[in-house]
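> My questions are about this predicted structure, shown below with the sequence.
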Amino acid sequence: MDYKKLAGLLFPDAKDISYYLEKYPKREKKDGEEILRFAPSPTGFIHMGSLFAAFVPEIFSHQSNGKFILRIEDTDQKREIDNGIENIIRDLKNYKFIIDESPMNEGKYGPYIQTKRREIYLSFAKYLVSIGKAYPCFCSEESIQKMRETQQEKKDRIGYYGKYAKCRNLTYEEIEAKIKNGDKFVIRLKSEGDFNKKFIFNDLIKGKMEFPENDIDHVLLKSDGLPPYAFAHVVDDYLMDITTITRADEYVSSIPYHLQIWEAFGFPAPQYAHIAPLTKREGTTIRKLSKRKDPEAAVSYYSEMGIPVDAVRLYLATLLNSDFEMWYMQNPEKTISDFTFKFNKMSVGGSLFDLDKLINISKIYFSKKSSNDIYEETLEYSKDYDRDFYNILLNNKEKVIAFLNIERNIPRPRKDISCYSDVKKETSYIFDELFNEYETPKKEFYDSEILKEYFVNYYNKEDDKDTWFKKIKDLCPKFGFASETKEYKQNPEKYKGSVADVCEIIRVAITGRTMTPDLYEILKLFTKEQINERIKLFDEYLQK
RNA sequence: GGCCUGUUGGUGAAAUGGUUAACACAUCGCCCUCUCAAGGCGACAUUCACGGGUUCAAAUCCCGUACAGGUCACCA
């Protein structure tokens, strides 16, 4: 058969691929420079799993001084949702992704949205027809469905291959007649693979794998003229000069087919890195983190909670290469971009998404921050998520920063803040408008007399810490408390409690809690009037 | 069902044939400490899903079994 003539019949208007090959020349890459891409479908919000899938190519491209590209795979128009593309770009930007080329800032290799690349795919499909490696198929979806059923009954392998590939042997005249008749068709690959032969494939993450060759004549172009994923990714990744294809590992099993498409064109295939999904434990089973089933996986969930973007990125980095964590502990002043990540250090199975770990990383992040930065970032967060607290912050900058400074600029800072919303929880008692009740259960030794005595005759805001504490010790014996904790531990029956308990009374009376940063520093944040007011409230609380 | 891939403690994991199976999170105990947090110290896998084999030597290599995940579309 004259394949060129057939290609002309099928695609009278499509350009020759040489046009595109010239239009999109290979990039001039310096040594080791890698071009990677994130290619999502605009089908919903970004969740942790997709964020991770985007993080991988971003890291590997930028650590090689290469480019990170965002391409939108929207060839399945049934699944598309409104604002899908905008949401993806917004979320990636929020998480500090540096996108070198995208639908919003096109490079030389655009368009970056697949539905706008329709003519390109047509042209490339035409080329494969013209060299006899693809052919039109007029089988209806119903007849394919029937074929599948009979294959199932006969326990035969499912698919359009071998004797089942009816349209493979159509003559030019038959095809011409169907076209003239206006029959719909798809373009299929004319597979030359042999299912009984095996070949070795080397994945950057998973290593060596053995596959049978593909012998199924998969669809290259749907009847709407748009390509399914497999064909589109080959054409796009070739034209955009992608050096390494990163994608979810659900694609692994179609590797035999994908490699075949590269081969049919005579293009060298780039390297593939198949990323295992983030998983979640549900009862006893472990499954992939899901957009639909796991709303807590949405990145918006973490933004609302106030987990800092950088903490999330740090967590993603530890998921990427687990040795990053130790390196970062040893090099606390460095950042993610200083670490050299490796594909072969990535998890082959899926990693469990671990919120506890994320929170821990976030705590460390906060412990390293200056109080001023925390203030500013919390202000920014509250602006969107907590207007009331935003106003309080705005009017009390000095006080909040003074609070955050307690036990901060020391070798081992506190770690009690894990997200921006914690700032409110941690500071609430220093504001009269947020302090409304005593959260702790009453204890035997709670006593307002000792309190009054302390604040009238002992407490002086000007005292240094040693004097301050000595005065509390001096007060203890008057009310039957031991001045030394050790003394109390040795003879607990002789005392009502120890100096620690006296401190607790003061702490609870003023803050409502048993757990706060350094009491000496905390007291300094209060005026005399406020202290008197709190003592009054404490009295009422003890009466109840 | 076919094909592919996994399986190391409560969790994430390291180790790529060679001493007592790193490290981190969580948990528990002790110390320090005004309390809390942090920190220090210690406990937590006599063992790497199970069964065989190769080897002087196996979590690591091979075979089988079980379990788990992925995939088998004109979805990506």
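That came in fine, so what should we check first?
> Walking through the stretch 251-400 of chain A, point out its strands one by one.
A:271-275, A:278-282, A:285-288, A:351-352 (DSSP state E, counting those that start in this stretch).
> Kindly check the end-to-end length of stretch A:30-37 for me.
18 Å (C-alpha to C-alpha, to the nearest Å).
> Buried residues, it. List them.
By neighbour count with 16 or more other C-beta atoms under 10 Å, stretch A:30-37 contains the buried residues A:34, A:35, A:36, A:37. In short, each C-beta sits where N, CA and C put it, glycine included.
> pLDDT weak spots in the stretch 351-500 of chain A?
Applying pLDDT under 70 to the stretch 351-500 of chain A picks out residues A:439-440.
> rerun that using 80 as the cut-off
A:351-352, A:354-357, A:409-412, A:436-444, A:485-493 (pLDDT under 80).
> which stretches of chain A form strands?
Along chain A, counting by DSSP state E, strands occupy A:35-38, A:67-70, A:134-137, A:186-189, A:198-203, A:207-212, A:219-221, A:244-248, A:271-275, A:278-282, A:285-288, A:351-352, A:481-482, A:497-498.
> Format those strands as JSON lines; extra columns: distance to residue A:380.
Compiled in JSON lines, these are given as follows (distance: least, C-beta to C-beta, whole Å):
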{"stretch": "strand A:35-38", "distance to residue A:380": "26"}
{"stretch": "strand A:67-70", "distance to residue A:380": "25"}
{"stretch": "strand A:134-137", "distance to residue A:380": "54"}
{"stretch": "strand A:186-189", "distance to residue A:380": "51"}
{"stretch": "strand A:198-203", "distance to residue A:380": "41"}
{"stretch": "strand A:207-212", "distance to residue A:380": "44"}
{"stretch": "strand A:219-221", "distance to residue A:380": "48"}
{"stretch": "strand A:244-248", "distance to residue A:380": "32"}
{"stretch": "strand A:271-275", "distance to residue A:380": "32"}
{"stretch": "strand A:278-282", "distance to residue A:380": "28"}
{"stretch": "strand A:285-288", "distance to residue A:380": "33"}
{"stretch": "strand A:351-352", "distance to residue A:380": "30"}
{"stretch": "strand A:481-482", "distance to residue A:380": "45"}
{"stretch": "strand A:497-498", "distance to residue A:380": "44"}
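> Go through the strands of the stretch 251-400 of chain A and pick out the most buried.
Comparing those by mean neighbour count (mean count of other C-beta atoms under 10 Å), strand A:271-275 ranks first with a mean of 20.
> Of all the strands of chain A, which one is nearest residue A:121?
Residue A:121 lies closest to strand A:219-221 among the strands of chain A, at 6.6 Å (C-beta to C-beta).
> What mean pLDDT does stretch A:211-224 get?
If you average the pLDDT over stretch A:211-224, you get 94.
> ditto for stretch A:511-518
On average, stretch A:511-518 scores 85.
> Any chance you could list what contacts it?
Contacts to stretch A:511-518, defined as C-beta atoms under 8 Å, 6 or more residues apart in numbering, come from residues A:403, A:406-407, A:414, A:416, A:429-430, A:435, A:437-440, A:504, A:507-508, A:522.
> Stretch A:531-544 too?
Under C-beta under 8 Å, 6+ apart, the answer for stretch A:531-544 is A:432, A:435, A:437-438, A:442, A:446-448, A:451-452, A:455, A:508-510, A:523, A:526.
> rerun at 7 Å
Stretch A:531-544 has contacts (C-beta atoms under 7 Å, 6 or more residues apart in numbering) with A:438, A:442, A:446, A:448, A:451, A:452, A:455, A:509, A:510.
> What subset of the residues you listed is buried?
A:438, A:446, A:448, A:451, A:455, A:509, A:510.
> Among these, which one lies nearest to RNA strand B?
residue A:510 (11.4 Å; C-beta to the nearest atom of the strand).
> picking that back up, just give me the closest of the contacts of stretch A:531-544 to residue A:91.
Taking these together and measuring to residue A:91 by C-beta to C-beta, the closest member is residue A:438, at 41.5 Å.
> Let me see the contact set for that closest one.
For residue A:438, the contact set (C-beta under 7 Å, 6+ apart) comprises A:508, A:512, A:541.
> Okay, the last one and residue A:226: tell me how far apart.
It stands for residue A:541. 69 Å (C-beta to C-beta, to the nearest Å).
> and what of residue A:185?
From residue A:185 to residue A:226 the distance is 14 Å (C-beta to C-beta).
> Repeat that for residue A:454.
78 Å.
> ok, now residue A:532?
75 Å.
> ok, those two, which is more surrounded?
A count of neighbours by other C-beta atoms under 10 Å puts residue A:226 above the other of residue A:532 and residue A:226, at 19 against 13.
> surely that one meets residue A:118?
Yes - between residue A:226 and residue A:118 there is a contact under C-beta atoms under 7 Å: 6.5 Å.
> if we can go back for a sec, rebuild the buried ones among the contacts of stretch A:531-544 as TSV, extending it with distance to residue A:132.
TSV is the format used below for these (distance: C-beta to C-beta, whole Å):
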residue	distance to residue A:132
A:438	84
A:446	91
A:448	96
A:451	94
A:455	95
A:509	89
A:510	86
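> hmm, back to that, nearest to residue A:235, of the strands of chain A?
Among the strands of chain A, strand A:219-221 sits nearest to residue A:235 (C-beta to C-beta), with 9.7 Å.
> Close to RNA strand B: what parts of the stretch 401-544 of chain A are there?
Contact residues (C-beta under 7 Å from any atom of the strand) of the stretch 401-544 of chain A with RNA strand B: A:407, A:412-416, A:469, A:485, A:499-500, A:503-504, A:507, A:514-520.
> change it to 6 Å
Residues of the stretch 401-544 of chain A lying near RNA strand B by C-beta under 6 Å from any atom of the strand: A:407, A:412, A:414-416, A:469, A:485, A:499-500, A:503-504, A:507, A:514-520.
> now do the stretch 1-150 of chain A
Taking C-beta under 6 Å from any atom of the strand as the criterion, the stretch 1-150 of chain A approaches RNA strand B at residues A:41, A:73, A:75, A:76, A:79, A:140, A:141, A:144, A:148.
> Can you select the buried ones among those for me in ChimeraX?
Buried residues among these (16+ other C-beta under 10 Å), as a ChimeraX selection:
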select /A:41,73,75,144
